[in-house]
Structures are given as C-alpha cells and as structure tokens.
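1. Coordinates for the following, if possible.
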Amino acid sequence: MTKSTKVNAAILIIGNEILSGRTQDTNTSTIALWLNSIGVKVQEVRIIPDIEDIIIHTVNKLRKSNDYVFTTGGIGPTHDDITAESISKAFDLKYEIHKEAYKILENYYKPGEFNEGRQKMIWMPKDANLILNPTSGAPGFSVENVFCLPGVPSILKSMIGGLKNEITGGEPILSCTISLRTVESEIASSLTEIQNNNKEVEIGSYPFFQAGKLGVSIVMRSVDQSKIDVCSSKVFELANKKKIEVVSR
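-> So this is what the prediction gives:
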C-alpha cells in the first residue's frame, strides 16, 4: 500500500460484560487513536456477546469489507472466553495448541502455576501469528487481517505498539479542534456549508457542558494540514461574524 492509499479498519468488541454495562469500553478509543496515527481510518465499531455463531458471522463480514479487523476480549482462561475457537471456525482452521505460545507461558509462570485454566490461553487457530504481551505473558494472535487482543485495557495498550510493523497505513490522519461557546443549532447551517465546500476534510460537531455553560467542539480531520487550515479559518470567520466566543483552539 502506498502512502496515498486509504486504509480502513473495524473494531469488534466481544463480551457480555460490555453489553451489560458492568464494564466500560475504553479499548475502542485506544485502538482508534493509534490507528489514526499510522494512517488507518476506523470505519465501524461493533459490540457483540460471547456467542460463537455471532462472532463467526461478524468476523467473516468485517474481514471482507475492511483492510484490518481488531477484536478485543474473549482470549482469557475462563469458560466464556471463546474468541480463539470462534476465529478458528471463521477461517475454517484447526483449533490447536500453539507450540510457541506454550513455551512463552511455560517460562512465564512459576512451576506448578501453569495450570489447566491458563493452558486454555495457548489454544489458537492453526499457524496463527502471535502478538506478544509484555504485561502478563499470554499472547494475542492474528490470522490474515484479523488481530485478536485481550479485553483488559492496560494489557491491550501495552501490546498494540508491537503491531506497528504488521500494519501498513496510509497518510497519518491529522486533526484540529476549535471549541466555541454556542449551541449546535446556531452554527449548523454554516458548518454544513463549510463541509460541503471542503469535501476532503471530515468535520464533526460535539456539544459539551463546562463551568455551567454549553459549548460545541468542532473537530476537523484530514490527511492534509493545509485543507484543515482552510476549514479552521472559515470556522473562525463564522465565530467572528456571529460574535461567538472561542473557548479554545
């Protein structure tokens, strides 16, 4: 892929604990920010339960419509960690003990600690590539364009840096944020006009509440800083014309 190529990805969050609200998902933000920095745009994010058929169907659909798919969750030692076996079935691969993963965990744990439960973490699709884990030993894995990571945010964060050589991105996606003391309805039509005249910049508006006052953050994203600068100047012109306070830039 060349630097001008647009590269996309999907993030698949797997876990009943996310859907129930017991656990808050922060992995999406971690992965998306990292992907943006290397020129990969996240096209969609899905959250699904620990149900084999749903995992298989969703992975197969996403891997065909995206350059990369990142899954989080379901690769631990408990009974409901079924992601690895589901990925094996999605790719029609044998589900077996990964010899290299076995050696890693056998050396990681003290004698007697590498019990049957922990040994579940070395079962993976046949010939899967390992994603090394500098935090807790148990590796993730990848098959073709699908990368399977753990659900624990601190562990996931420590692992994604090791994937940089495995991912080929396009140009890094740049962004600029301008926060205004206003409401969306006051600037909606003007923002629409700016967006229509600057198709290569993605413009989003996000309300916020700070110090007892409402405001709107306008986020402009593009691979071309000069095009972002053009949009920024238009936003400042809009603020000046409507006498809107600029909170931050």
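
2. Stretch 170-190: which residues count as buried?
-> Neighbour-count burial for stretch 170-190, counted by 16 or more other C-beta atoms under 10 Å, picks out 170-171, 173-174, 176, 178-180, 182, 187, 190. Using the backbone N, CA and C atoms, a C-beta is placed for each residue, glycine as well.

3. now swap in stretch 43-52 and tell me
-> Result for stretch 43-52 [16+ other C-beta under 10 Å]: buried residues 45, 48, 50.

4. gap between the residue nearest to the second one when sequence neighbours are not counted and G15?
-> It refers to I48. Leaving aside its chain neighbours, I48 sits nearest to I54 (5.1 Å; criterion: C-beta to C-beta, 6 or more residues apart in numbering). Separation of I54 from G15 (C-beta to C-beta, to the nearest Å): 12 Å.

5. try K61
-> With C-beta to C-beta as the criterion, K61 and G15 are 19 Å apart.

6. who's more crowded, the two?
-> G15 (22 against 15; other C-beta atoms under 10 Å).

7. now the residue nearest to that one when sequence neighbours are not counted: how far from L19?
-> Take G15 and drop its neighbours on the chain: the residue closest to it by C-beta to C-beta, 6+ apart is G73, 4.1 Å away. Going from G73 to L19 by C-beta to C-beta gives 11 Å.

8. quick one on the thing from earlier: so which of the buried residues of stretch 43-52 are in helices?
-> In this view, those have no member that belongs to helices under DSSP state H.

9. Could you point out which of those is nearest to E237?
-> Of all the buried residues of stretch 43-52, V45 has the smallest distance to E237: 34.0 Å, by C-beta to C-beta.

10. From L35, how far off is the closest one?
-> With C-beta to C-beta as the criterion, V45 and L35 are 11 Å apart.

11. Low-confidence stretches in this protein?
-> The model of the chain has pLDDT under 70 over residues 1-5, 249.

12. domain ranges for it?
-> When the chain is parsed with automatic domain parsing, its domains come out as 7-166, 174-248.

13. Pick the most deeply packed of those domains.
-> domain 7-166 (a mean of 17; mean count of other C-beta atoms under 10 Å).

14. distance between the ends of it?
-> 13 Å (C-alpha to C-alpha, to the nearest Å).

15. mind listing the helices for this structure?
-> 16-19, 27-37, 52-65, 83-90, 99-108, 116-119, 153-160, 184-196, 225-242.

16. Out of these, the one nearest G215 is which?
-> Taking C-beta to C-beta, helix 184-196 is the member of those nearest to G215, at 10.0 Å.

17. With E113 as the reference, measure out to N107.
-> 11 Å.

18. circling back: residues in contact with the residue nearest to G15?
-> The neighbours of G73, taking C-beta atoms under 8 Å, 6 or more residues apart in numbering as the test, are 13-15, 18, 50, 83, 150-151.

19. gap between the two ends of stretch 116-127?
-> 22 Å.

20. Contact partners for the nearest residue to G39 once chain neighbours are set aside?
-> Take G39 and drop its neighbours on the chain: the residue closest to it by C-beta to C-beta, 6+ apart is G169, 3.1 Å away. Taking C-beta under 8 Å, 6+ apart, we find G169 in contact with 1, 7, 35, 38-40.

21. Now do K64 against A84, distance only.
-> 20 Å.

22. My read is that E52 contacts E85, right?
-> Yes. Between E52 and E85 there is a contact at 7.3 Å, judged by C-beta atoms under 8 Å.

23. Quick one: residues contacting the nearest residue to Y109 once chain neighbours are set aside.
-> In this structure, Y109 finds its nearest non-sequential neighbour in R118, 6.8 Å apart by C-beta to C-beta, 6+ apart. By C-beta under 8 Å, 6+ apart, the contact list for R118 reads 77, 105, 109, 138.
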